[in-house]
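**Q** here is my input; please provide its structure:
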Amino acid sequence: GLTGTVAALGDGGRREVVFDRAVDDAYLERCGSVPLPPYIRREAGAADRDEDRAAYQTVFARQPLAVAAPTAGLHFTPAILAEIAARGIAVKDLTLAVGAGTFKPVTADDTASHAMDAERVWVPRETLNAVAGARSSGGRVVAIGTTVARSLEAAARLGTDETRSFSTDLFIAPGFEFRAIDALVTNFHLPRSTLLMLVCAFAGRERVLAAYGEAIRDGYRFYSFGDAMLIV
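**A** Predicted coordinates for the structure are as follows:
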């Protein structure tokens, strides 16, 4: 086991833990577990199954940077991506090093008072060009998940003159003006989360709440391995 000391950082309850020995990636692989949603039943204390670890990773993942998977991407398989490409739809990628701040609930009554933690983004020039080309030709840019939506909207505020590697603390809430995306595939998110507020900003609060009401009535799955919806 590990022994550690805890220090309060004074920013909304965050703590820094200092362990008595190094905690490297190999150790985390041994002691960590997949954040399974409650509807996936496992015996208490049971080790992760190989299929759990495989399922909690997108087929296009490459770099160990994020604290959680971009869950909308979990719905896509190589066969689905190939079918999309076969229809003449360009599939482009980007990287966002999702941090714990993404999952920090919004506790302020006024969303303008909520501060997002900065996250690192890498948007290839090819992706920026494809987005700009689609919009200029009357096409649609479909973001697969809030991760992609936030990254593209942050990039749109910097311009498209080069490959972008930058840090962003962009918080998207109702009233936000979208400049990059035209449609969004997204899972169902927790109340008071920045992710749900992004979806409400894109689709409208009342429409989203109505969709969530139907999802609850019809037994849709929430959380990481849950269902997704397409908002156009």
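**Q** which residues of the chain score low on pLDDT?
**A** By pLDDT under 70, the weakly predicted segments of the chain are 1, 8-13, 45, 101-103, 106-114, 159-163.
**Q** would you map the helices across it?
**A** In the chain, the helices defined using DSSP state H lie at 25-31, 50-55, 78-86, 125-136, 146-156, 194-203, 205-217.
**Q** so which elements touch the third one?
**A** By that I understand helix 78-86. Where contact means 3 or more CB pairs under 8 Å, 6 or more residues apart in numbering; DSSP states H and E, helix 78-86 is not packed against any helix or strand. Just so you know, the C-beta spots here come from the backbone N, C-alpha and C atoms, and that holds for glycine as well.
**Q** and the contacts of that helix?
**A** 59-60, 91 (CB atoms under 8 Å, 6 or more residues apart in numbering).
**Q** residue most distant from the centroid, the chain?
**A** Each residue of the chain has a distance to the centre, and by CA atoms, centre = their mean the biggest one is for residue 20: 32.2 Å.
**Q** buried set for stretch 137-157?
**A** 141-156 (16 or more other CB atoms under 10 Å).
**Q** same deal with stretch 20-35?
**A** Quick answer for stretch 20-35 (16+ other CB under 10 Å): residue 34.
**Q** now swap in stretch 221-231 and tell me
**A** 222-226, 228-229, 231.
**Q** quick one on the thing from earlier: the residue farthest from the centre of the chain and residue 208: what is the separation?
**A** 46 Å (CB to CB, to the nearest Å).
**Q** can I get the contacts of helix 78-86 in TSV with distance to residue 182 and neighbour count?
**A** Compiled in TSV, the contacts of helix 78-86 are given as follows (distance: CB to CB, whole Å; neighbours: other CB atoms under 10 Å):
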residue	distance to residue 182	neighbour count
59	24	13
60	21	13
91	15	15
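**Q** next, format these as JSON lines and append distance to residue 202.
**A** Converted to JSON lines, these look like this (distance: CB to CB, whole Å):
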{"residue": "59", "distance to residue 202": "25"}
{"residue": "60", "distance to residue 202": "23"}
{"residue": "91", "distance to residue 202": "21"}
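**Q** and of those residues, the nearest to residue 178?
**A** Using CB to CB, the shortest approach to residue 178 within those belongs to residue 91, at 20.6 Å.
**Q** which ones are touching that closest one?
**A** Residue 91 neighbours (CB under 8 Å, 6+ apart): 81, 84-85.
**Q** closest to residue 74 out of the residues you listed?
**A** residue 81 (12.8 Å).
**Q** count of residues packed around that closest one?
**A** Applying other CB atoms under 10 Å, we find 14 residues neighbouring residue 81.
**Q** now it: how far from residue 195?
**A** 23 Å.
**Q** what of residue 68?
**A** For residue 68 relative to residue 195 (CB to CB), the value is 11 Å.
**Q** neighbouring contacts of stretch 135-143?
**A** Taking CB under 8 Å, 6+ apart as the rule, stretch 135-143 contacts 131, 133-134, 149, 152, 180-185, 230, 232.
**Q** picking that back up, what's the farthest-apart pair in the buried residues of stretch 221-231?
**A** Put simply, by CB to CB the two of the buried residues of stretch 221-231 set farthest apart are 225 and 231, 20.1 Å from each other.
**Q** ok so, going back, spatially nearest residue to the residue farthest from the centre of the chain, not counting backbone neighbours?
**A** residue 3 (4.5 Å; CB to CB, 6 or more residues apart in numbering).
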